[in-house]
Each structure stands twice: as structure tokens, then as C-alpha cells.
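Participant: build me a model:
(chains A and B)
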Amino acid sequence: MKTPQLAKHYPFAIGIPAVIWQVVFFYLPLALLVAGSFLIWTEEGGFAGFSLEKFTFFFRPPYFTVIGASLLLALSTSILCFLIAYPIAYYMAFRGKKWKNLLLFLLIVPFWTNFLLHVYAWFYVLEREGILNTLLRALSITHEPIAFLNSTFAIMIMMIYYYLPFMLLPIYASLERFDSKLLEASYDLGASWRQTLCKITLPLCSRAIKTGFFLVFIPSFGEFAIPELMGGDRVMFIGNVVSQFILGDETGSLGASFTVLSCIVLVISALVLYQLLSWFLKPRATTW
Amino acid sequence: MVKSNSFATVCHFVLVASVYLFLYVPIIVLLVFSFNSEPFPAPWSKFTWQWYGELFTSSSFLWDSFFTSLVVACCATLISLTAGILLIFYAAQGGRIGKFLTLFYGNLIIPETVLAVSLLGFFTFAAIPLGLTTLILAHTLLGLGFVIPLVYARFKELDYRLTEASLVLGATPIQTFFKVTLPLLRPVLVAASLLVFVISFDDFILSYFCSGSSSQTLSLYILSMLRSEISPVVNALSALLLILSSGLVWIFFTLKTRTKIF
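Facilitator: Alright, predicted model coming up:
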């Protein structure tokens, strides 16, 4: 389609501030980060050659564990978010009727509120004297209070709580535009709901699902506030290591190379995830 | 519509309801305890407005950080919006900005931690002291990442006959831009500004790395409260911020724009 055009009176200089801002404050720092991770400088700030030393420093088991833990966290968060978000988005789009907008509103309000307040709110629920323990004891399921905080459980609860809308909103947006006649046609022609799901609904919103997966997977890979606050430093993730190195004395450049290293892992795993999702979401002859 | 048996519908409803419970139980507990006269973990004793009073009278530290966040969010929104409008103004003259557009996709794709680390390195390298300026610089990047793709997507859908008509009827390009193009883009501009404002106001990671010691944002203040003493004043603050964000979401909804949040 033709874009609206005015006469060409004004030079590119008018439009350029955004581009300059982007190059100077986004691409330049990133380039410096990458360069800094393998260039060596002399004491006076002169150039002294290349080295992979700052990378090999991290080729040790404790750091493999950190990277593995982050991958596991990001993957499990995105899968759990998808499993929860899909039915909700489906409900909102096809069965919500007049409640649709209210449901959407209630979903976005917490999403637009500072997430640290939600961490704080979960303390009330999960503390030793918190709501959940009180409830469990009132129902006499347990007698001793369970330590929910500072555990993987608490981290996962908070991760799902925070990242759910990132998965839900794109899927909802795609399902809302979905032509429900397609579903009717599928059912009329005798398909079961499982066949309809695998052959029609999932493949047709595969783009949105992929978007959702990446909106959850990528930020949760670098997440450090939630593990630190909910997990009590028990498990270290990439975000924690990076922030410790970067904000520590004299370890800034090591932190930079660890950031670059984890970005490489992130890009590779994102590509693998993309392939897996494409395979999983393609329309197929048989249902699982 | 969709064929369904009643049992499946009921199960589906229960699932949705329990997820919304999961979302709202912590918030409700938080709000209830903002009216409790004894600080947590003491059980409920009696109703009080005391913590709301303290919120507005004591702790100037809290309000300092609140205003820092407000200033940073407003500046980041204004700068990214202006830069975005200028770029669209160039595009409206037939300038091809498609190739520049891809430059801006990175902002939302890379993890914020990486963005923050690279910016911190850059600020150290360029000897820019950490503070309000660096916060605004960093948050504007997030803003650009949202504003430019959103506004450009809407701009491409505009009916070019409207601008043509305006030009044929003798309006100058500047008049056309301000009286035709910009008003047509108004809903998406408001939506994008709201989004940038909220994201900057609630941002934690960029603030954590780029704020320095001189300026503290609200997120950092809440973090320090979480790490040290937990006071019901934070509950009162949460109530206030929830009202604020409900208001903003409400405005977003009434815009009736087709802008997707993602």
C-alpha cells in the first residue's frame, strides 16, 4: 500500500535524532562491551592486543552450572507460562463475552504496577506466618509451618506471576482476531477438540506463541532480582553473577566478558528454541 | 459458536478463576494489611489510616525517589516521543525509513541486564557521571524501542488520500503534517507514551545499574525497604500505585486504538 506522502522539502536531518540516539547510546555501548571482552589495554590505556583469557576464566564447572540453571529457569518459566496462558487467552477470546474487557483490564493492572511490590505481596502469602501457612494449618494439612520462601518454588511462583502477561497478551491478541468460523467448520467436519487444537488453533497462532515464548524466555534468562529476593541467594543465575562482577571492584571487565559469553549462549538457545517451536506448532497429520 | 459441553466449560471457567485468584490474592492481602494497626507478621488487630498518614508526612526519602522516577519517566517519554515524531515527519515526506526501523528492534529484544551492563560500561568509558542524566538516557532507549515501531506501524496504515487532499487543497507540508497526519496518529501517540511512561516508571534493572548514588528511583527505594525493614508504609504506597496504574490502564482502554501492547 502507498504510504501518505508530503512533498520532499525537508532533509533527512529532521528525522535523524532518533537514529543518532540509537547508534550512540545503544550500538556504541554494545560494541564497546564486545570489544572490551577480548581486547587488552596497557596501564596507560593503550592497545595491547587480543586475548581470550577473560573468556577462558569462565570455562569452569561453577559457571557452567550458573548458565545451565539460567537456561533451565528461562525454559521452565516460558513453558509453564504458555501452559497457563493459552487456556486463559482462549477463554478471554472465545468465551469471555462481555467480561472480556474486564478480564483484560484485571490482567494489565498488576502488569503495569511496580513488580517489586508484587514480590513484597508474595512475602505476605509465603512467609512462615503468612496466609498460605495459616490456611494449611487451619485445614490441618500441616502442623509445622513450611518454609516456602527462599526456595525454587518461590522463585517459580514469582517468575510465572511476573511473566504471565508477556505470554498471554500476544496469544490473546492473535486469538481475538481468529475467525471462529474455522473452529465451527472443523467441528462440523467431525474433528475432535484435540484435532482442532493441533491442526487449526495452534498452527494458526504459532506466530503469537513464538512471540510470547521469546518475550518470556529472553528476559527471564537474564533475570536477577526475582531469584535474589525470592530464592535468597541459594541458586545463582547469570543475572546474579553479572551484577556481582559488574558492581564489584576491579571485576568490571570480567563481568563484561561473562555478559558477552551468556549472550552467545542465549542466541544459540533462542535459535534452538525457535526450531523446536516451529516443529511443535506445525500442522500435522496425526495428533500427539 | 464454538461447540462445547458444559463440563468442559465449567472446568475452563474454574481454571480461569483460579489464575485470577493467583494474580489477585497477594494484592488483596497487601491492601488489607495496609489498614492493619500492627505491622506484619502480627495478625489482624484493628482498622487504621495511620500508615497512609505516615506515607504523606514522614519519609521524605520516599517522595524524593518518587519524584526522581516521575521526572525520569516524563523525560524519557517526551524525548522518545519527539524523536519518534520527527522520524515519522521525515517518513511523511516520502523518506524511506524502513531500513532505519530495524535499528530499533534491538532495544526490546536484548535482555535488559545486557543493555544495562553495556550502558554502564559506556558511561564509565565516556566519563559521564551516573545520575539523573544517565537514567534518562537509558530509559529513553526503552522508549524508542516501543514508540518507533508502534507509531510507524499505524502511520503505514493511514489513508494517503487524506494527506493528498490536504496538499491539493493548498496546505503546506507542515500544515498537512500538523493538521492531518498528527491528529490521525493521536491515539497511537497517546498509547505509546503511556506505555513508555509505565515501563520507565516501573523499571528496575536499568535503574539498578545506571542510577549511581546521587539519584534513587522508586524501584530502588522499594528494594531497599524489602531488604531492610518491612513497614506497612510500603503497603500504603502499593495501594496508591495500584490506583495510579489502574487509572493509566483505564485511559489506555478508552483510547480504543488497535495498538497492541506487543
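Participant: roughly how far apart are B:L15 and chain A?
Facilitator: 6 Å (CB to the nearest CB, to the nearest Å). Any C-beta I mention is one placed from the backbone N, CA and C, and that applies to glycine too.
Participant: contact partners for that residue?
Facilitator: A:P87, A:I88, A:Y91 (CB atoms under 8 Å, 6 or more residues apart in numbering or on different chains).
Participant: drop anything exposed from those.
Facilitator: For those, a burial check counting by 16 or more other CB atoms under 10 Å in any protein chain shown picks out A:I88, A:Y91.
Participant: and the contacts of B:L15, which is closest to chain B?
Facilitator: Closest to chain B out of these is A:Y91 (4.7 Å), distances taken as CB to the nearest CB.
Participant: pLDDT at that closest one, what is it?
Facilitator: Note for A:Y91: predicted pLDDT of 91.
Participant: which residues touch the closest residue to it other than its chain neighbours?
Facilitator: Leaving aside its chain neighbours, A:Y91 sits nearest to B:V16 (4.7 Å; criterion: CB to CB, 6 or more residues apart in numbering or on different chains). Applying CB under 8 Å, 6+ apart to B:V16 gives the contacts A:P87, A:I88, A:Y91, A:M92, A:L103.
Participant: per-residue confidence at B:P129?
Facilitator: pLDDT, read off for B:P129, is 89.
Participant: that one in helix, strand or coil?
Facilitator: Secondary structure state of B:P129, per DSSP: H, G, I helix; E, B strand; the rest coil, is coil.
Participant: my guess is it meets B:S213, correct?
Facilitator: No: using CB atoms under 8 Å, B:P129 makes no contact with B:S213, being 10.3 Å away.
Participant: neighbour-wise, which of these two wins?
Facilitator: B:P129 (11 against 7; other CB atoms under 10 Å in any protein chain shown).
Participant: which element is the closest residue to the more buried one other than its chain neighbours on?
Facilitator: Counting by CB to CB, 6+ apart, B:P129 lies nearest to B:G212, which is 6.8 Å off, once chain neighbours are set aside. Following DSSP states H and E, there is no helix or strand that holds B:G212.
Participant: residue 235 is in what secondary structure piece?
Facilitator: All of this refers to chain A. Using DSSP H and E, no helix or strand contains A:V235.
Participant: let's do chain B instead
Facilitator: helix B:232-254.
Participant: got it, and B:A8?
Facilitator: Going by DSSP H and E, B:A8 is in helix B:6-33.
Participant: what residue lies at the spatial centre of chain B?
Facilitator: B:V198 (1.8 Å; CA atoms, centre = their mean).
Participant: so what's the residue lying closest to that one once chain neighbours are set aside scoring on pLDDT?
Facilitator: In space, and not counting its chain neighbours, B:V198 is closest to A:W112: 4.8 Å by CB to CB, 6+ apart. For A:W112, the model assigns a pLDDT of 91.
Participant: surely A:V216 is in contact with A:T77?
Facilitator: Yes: applying CB under 8 Å, one finds A:V216 in contact with A:T77, separated by 6.0 Å.
Participant: convert the C-alpha atoms of stretch B:109-120 to CSV, please.
Facilitator: Output in CSV follows, covering the C-alpha atoms of stretch B:109-120 (Å, rounded to 0.1, in the frame of the first residue of the first chain):
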residue,chain,number,x,y,z
ILE,B,109,15.0,-8.0,22.1
ILE,B,110,18.2,-7.9,24.1
PRO,B,111,17.8,-8.7,27.8
GLU,B,112,17.7,-5.6,29.9
THR,B,113,20.6,-6.8,32.0
VAL,B,114,22.8,-6.8,29.0
LEU,B,115,21.6,-3.3,27.9
ALA,B,116,22.3,-2.0,31.4
VAL,B,117,25.7,-3.6,31.6
SER,B,118,26.8,-2.2,28.3
LEU,B,119,25.4,1.3,29.2
LEU,B,120,27.3,1.3,32.5
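Participant: before we move on, back to that, quick one: mean pLDDT over the helix holding B:A8.
Facilitator: pLDDT averaged over helix B:6-33 gives 90.
Participant: and A:I40, that one's in a strand?
Facilitator: Yes: counting by three-state DSSP, A:I40 falls inside a strand.
Participant: in chain A, which residue sits nearest chain B?
Facilitator: For chain A, CB to the nearest CB, closest residue to chain B: A:G15, 2.8 Å.
Participant: what about that residue, is that helix, strand or coil?
Facilitator: helix.
Participant: now name the helix or strand holding the nearest residue to it once chain neighbours are set aside.
Facilitator: Nearest non-adjacent residue to A:G15, counting by CB to CB, 6+ apart: B:Y90, 2.8 Å away. Element membership of B:Y90 [criterion: DSSP H and E] is helix B:60-92.
Participant: A:I218 now?
Facilitator: Judged by DSSP H and E, A:I218 forms part of helix A:206-221.
Participant: buried sites along that helix?
Facilitator: Buried residues in helix A:206-221 (16+ other CB under 10 Å): A:206, A:208-221.
Participant: with stretch A:25-32 instead?
Facilitator: Buried-residue list, stretch A:25-32, by 16+ other CB under 10 Å: A:F25, A:F26, A:L28, A:P29, A:L30, A:L32.
Participant: looking at the residues you listed, which is nearest A:I268?
Facilitator: A:L30 (17.9 Å; CB to CB).
Participant: mind listing what that closest one touches?
Facilitator: B:I110, B:V114, B:S118.
Participant: and the first one, what does it touch?
Facilitator: This points to B:I110. A:L30, A:I218, A:C263.
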